[in-house]
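Visitor: Take a look and give me a structure for this.
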Amino acid sequence: MKPLLLLFLLSVLAGNLPAQQPSDQFIRDGFKNPPIPARPKTYWWWLNGSVDTVRLKEELRAMQKAGLGGVDIFEIGVPAYNNPNGMVKAGPPFMGTESLKAIEIALREATRLHLEVGLNLASSWNAGGSWVKPQHAAKSIYVSKTTVNGSTAKPIRLPFPDIAKTDAKGKPLLIEFGADGKPVFHQEIAVVALPVRDQTGFLDTTKIMAVSRYFDAEKEVLNWTPPPGKWDIYRYVCSNSGEPLKLPSPNSVGPIIDHFDSTATRAHFQYFIDRLKPLVGDFSKTALKTLYLASYEATGFVWTPSLPAEFRKLNGYSIDKLLPVLFDKTVLNPEQTAQFQQDFKRTLSELMIQNHYRKGKEIANQYGLLLASEAGGPGPPLHNVPVETLKALGSLDVPRGEFWSRYQYYDSDSVDIMWLVKEVAAAAHIYKRKMIEEESFTSFHHWQEGPFDLKSIADRAFCEGMNRVVIHGFSHNPEGTGFPGIVYGAGTHFNTKRTWWPKVKPFTEYLGRISHVLQNTSFVADVLYYYGDQVPNFVPPKNTRFAVGPGYDYEIINTEILLNDLTVKNGKLALSNGATFRVLALGNMENVTPVILDKLKNLAKQGAVISGKYFSSESPVALLNKQNIGPDFSHSGPVSTVFDFIHYQHQGADYYLVRNTTDQWISSRFSFRQPGKTPELWNPVTGEIVPVSVFNQANQQLNLPLTLPPYGSYFVVFKKAVSPARYTGFVSATPPPQFEYTPTGLRFLQAGLVELSGKNKAVPERIKSEITTQELTGSWQLSFPKNWGAPASVTLPKLISWTESTEPGIKYFSGIGTYEKTFRFSTPVNTSRNERVFLDLGKISELADVWLNGQHLGIAWAEPYRFDITTFVKTGDNTLKVEIANTWSNRLTGDALTGEKFTNTNISIGYRGTPWKQVPLIESGLLGPVIIQTIKQQPVK
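Guide: The predicted structure is shown next:
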């Protein structure tokens, strides 16, 4: 393939260049059956590098069957506390001959299955490995101090700095030393002299002397006569930091690379490519699509040899005289210190972006691959990441963030810095990247959750901009590891050992449906937020440190996009990605540079409306109101945070994803700023698309009622074609009754009389809804699989949680239990009179797979756990079978309490250090009440 053509195709795939625009039909079809790029991927943990190639292929086939779209191969180590009795064996060195063979087998099988594969470029995280040479390994700055008097005779001997061989915890640092006792790699940086000062005083920079030109590095002497007085002379040296990979497999220990040096990045990437290419050939003909750089979590001071030259280039002055400030913040006054530290951080940021992320992308693209990364995140105070995040993420093909499940890390202002979604979405939007990936459901809640527990967390991420899920994660299990098997120490354990794995596809399809729509549409917001020019600079979760107001959303830009891409067109702020905004809101404008202020003033002259220092003291929402721009989304009810939304657009159609943030059924009236369009309702749980038959236009707002189940979410889609509404609203119903839209009209979920107003009808239309219920009381036959401690079959007089049983084998059972019951149904159904019959399972834990009279109804994983059985139920006797899968938690607790050994895993503790004996049991099974519900509706004169 010709190089130019290859680069073009890569740019299209990454979303950097416009491809043929997806059609409305393509979006609709993919919503019903998500294509591979929309389906969730997963981290495929190869624990300790130990793999079973037969099982690799089995797991890939299982992933495809479960609706996943691909994997990121991620070798990682297992710490001793998660490896009792050496349960997780040590495999061969990462990227060695055996490791490469396993990667080749995985790639060939994934290619056959049409799955996508990414490869993490390290054993664990921070780029690096055993092959990294000292000149390419991570570096730091070291200093020795010599105090002399002005009368000291020259030459003055300056010792080489002490370089520790272990870290603060006593662990060895990976620094290679020569016969002379010095590191193999070291370079002189500078020699600086400071007058010894009073502890309370600050120095003027004219008092600091750069004396490097007088230093003979070979003889280690300074041929300089200090002025009168006492002087501290500092010798600064660059050498390896010795920082190892964070959690490598036992045979893959190695140093991390210098993330600020392009030659180190090139050597590292080329090592992988040169090892892989002879085995698999042309990458474009394989499943390998991306190379992955995990989050940067290096510690301590960082340095790179090119830093002084880059510092001078960016900031216009030499760094040498300011080096003492890196180690002592009291040398200069606070203002000078803050300015220097900001200049230093900005220099590191530019070096990292240019020499690591952009260079890595350049190399990957040369070989037909994309680069994905969590560039820079999560940042301070959790990790020492000296980077401007939006710019770093924008330098990639595929930016990636992360969010956790039921775990937060709060900054001093109570903002959860572990929720990195809005940041990644903004970077993708403003840098024109199609994919917005998120490492999803990271957790310390081992085997506590089912898919419904994850749904609301995923929906929140979708409403901040995520458009592809990367599940954290799927642990590879060689043959013989038992159940629940070996797993990585964090994450939602999403693999074939899960009790509910055979029934997980509807959940992965749900994630794929939403992802598909968001991947093929463009984000819409009213406000553009400039987040300042500080480094590091991180974007918090939506509506935390910055918010416009209820019903409004915002995009975020950095300095690069502000200066180079933001214009004013027809009175609106505009980006080259096609997005337009009504207000520009300014973040931190302290110490703003003249070039930024000039750009802002120029935008204002062209008609831009700007909220913030130097411009308007009015809030963004006040400035929007002055332009008669009401909320893009609103709803009836006193609490504005009950519902969340995000708005996308494509070829004249508008897509609002709306989610219920509560565990209650809620009916409400919703308003969308959508004049002259026709709404549809897209259900991502089922893939069903139905017309909205109740709506009305009030000026710029289109109003419609909607009922959402607990943690429910829908797309409300507005099409350009205008069709008249059958009804314009409910009469005197506040809030609206619980109902659902169907292909043939409305179905009410509550009995009673409802009045609906029509567009051209003076008299409201009245509909009477009658609901009869038949609870399936009495006994149930419950059976369990063999060899898991539970009896083969029991008769339950009534439905109870398995944990309430006095039989230990049932109380602690984990797996799939099967309920069977025969019931009589005696009400004839007249479908011509709009009569429908439903099976409602009530409460379940965690998933249900249901058959009626031998006909498969489907899998229920999200509320409501309900099926339309109109065409399956019959008059007389009916047989119902319900398979329920719970989680492994109860069996692990039971084994810890009873001494039984049904389970086998390397995780010896439950949530965050809680011994399994103390982990509370989780309600499990079919809890009910199970109800047959017949709904009859008819108009009333």
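Visitor: Would you map the strands across the stretch 201-350 of the chain?
Guide: Taking DSSP state E, counting those that start in this stretch, the strands of the stretch 201-350 of the chain run over residues 209-210, 215-216, 221-222, 230-240, 288-293.
Visitor: Over to the stretch 401-550 of the chain?
Guide: Applying DSSP E, counting those that start in this stretch to the stretch 401-550 of the chain gives strands spanning 437-442, 468-475, 484-485, 522-523, 527-530.
Visitor: helices and strands around the third one, which ones?
Guide: It refers to strand 484-485. strand 904-905 (3 or more Cβ pairs under 8 Å, 6 or more residues apart in numbering; DSSP states H and E). The way it works is simple: take the backbone N, C-alpha and C, and place the C-beta from them, glycine included.
Visitor: So in that sheet, which strands flank the strand it packs on, and in what orientation?
Guide: Strand 904-905 sits in its sheet next to strand 484-485 (parallel), going by DSSP bridges.
Visitor: List the contacts of the strand it pairs with.
Guide: 447, 475, 477, 493, 495, 497-499, 888, 892, 903-905 (Cβ atoms under 8 Å, 6 or more residues apart in numbering).
Visitor: Please indicate which of those residues are buried?
Guide: 447, 475, 477, 493, 495, 497-499, 888, 892, 903, 905 (16 or more other Cβ atoms under 10 Å).
Visitor: Out of those, the closest to Gly229 would be?
Guide: Nearest to Gly229 among the buried ones among the contacts of strand 484-485 is Ser475, at 64.1 Å by Cβ to Cβ.
Visitor: State the distance from the closest one to Asn906.
Guide: Distance, Ser475 to Asn906, using Cβ to Cβ, to the nearest Å: 9 Å.
Visitor: residues shared between the contacts of the two?
Guide: When Cβ under 8 Å, 6+ apart defines a contact, the residues bordering Ser475 and Asn906 alike are 486-487.
Visitor: ok so, going back, of the buried ones among the contacts of strand 484-485, closest to Ala792?
Guide: For the buried ones among the contacts of strand 484-485, the nearest to Ala792 is Thr499 (18.3 Å; Cβ to Cβ).
Visitor: correct me, but the closest one touches Thr887?
Guide: Yes - using Cβ atoms under 8 Å, Thr499 is in contact with Thr887, at 6.0 Å.
Visitor: Touching both of those two, which residues are there?
Guide: Ser814.
Visitor: From Ile810, how far off is the residue nearest the centre of the chain?
Guide: Centroid-nearest residue in the chain, with Cα atoms, centre = their mean: Glu438, separated by 2.4 Å. Look at Glu438 and Ile810: by Cβ to Cβ, they are 38 Å apart.
Visitor: before we move on, what about His446?
Guide: Per Cβ to Cβ, His446 is found 22 Å from Ile810.
Visitor: Kindly report the same for Ala792.
Guide: Per Cβ to Cβ, Ala792 is found 12 Å from Ile810.
Visitor: what does Lys65 give?
Guide: Noted for Lys65: a distance of 30 Å to Ile810, by Cβ to Cβ.
Visitor: What about Ser924, how many residues nearby?
Guide: Per other Cβ atoms under 10 Å, the neighbour tally for Ser924 reads 28.
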